[in-house]
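In: sequence first, then the predicted structure:
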Amino acid sequence: ATLKGHTYDVNAVASYTTQAGAVRVVSGSDDKTIKIWDPDAQRLLATLKGHTYDVNAVASYTTQAGAVRVVSGSDDKTIKIWDPDAQRLLATLKG
């Protein structure tokens, strides 16, 4: 399947499993966004906005409490931590 939605080059892709057991794909792009996809339904679930330049890296991790977090790195010299379920920016790390 081909998932379409970014308006510029896709630089990074990662995947994670939700607390409910669903697989999600997360992508980062030169369009400055992170997108979250349901690969089984081939559907865009969310677009996370906050970076001011190209997104070059994405990853995910699970907190000790079991919550999934998405991490993104950008040419804006920041790393952002997101709650993908709430579609909310939690923190911006600079340096």
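Out: Done, it's in.

In: adjacent strands (with direction) for the helix or strand hosting residue 14?
Out: Counting by DSSP states H and E, the element that carries residue 14 is strand 10-17. If you go by DSSP bridges, strand 10-17 pairs up with strand 23-29 (antiparallel).

In: may I see the buried residues of the partner strand?
Out: For strand 23-29, the buried set under the neighbour-count rule, 16 or more other C-beta atoms under 10 Å, comprises 24-29. Where you see a C-beta, it was placed from the backbone N, CA and C, and this is true even at glycine.

In: turn those residues into TSV, columns for distance to residue 90 and pLDDT.
Out: Below are the buried residues of strand 23-29 laid out as TSV (distance: C-beta to C-beta, whole Å; pLDDT from 0 to 100):
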residue	distance to residue 90	pLDDT
24	17	97
25	20	98
26	15	98
27	19	98
28	17	98
29	20	98
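
In: wait, which of these is closest to residue 15?
Out: Distance ranking of the buried residues of strand 23-29 against residue 15, using C-beta to C-beta, places residue 25 first at 5.1 Å.

In: what's across from the closest one in the sheet?
Out: residue 15, residue 37.

In: once you drop chain neighbours, what's closest to residue 95?
Out: residue 77 (7.6 Å; C-beta to C-beta, 6 or more residues apart in numbering).

In: go on, residue 17?
Out: In space, residue 17 is closest to residue 23, 5.7 Å off (C-beta to C-beta, 6+ apart).
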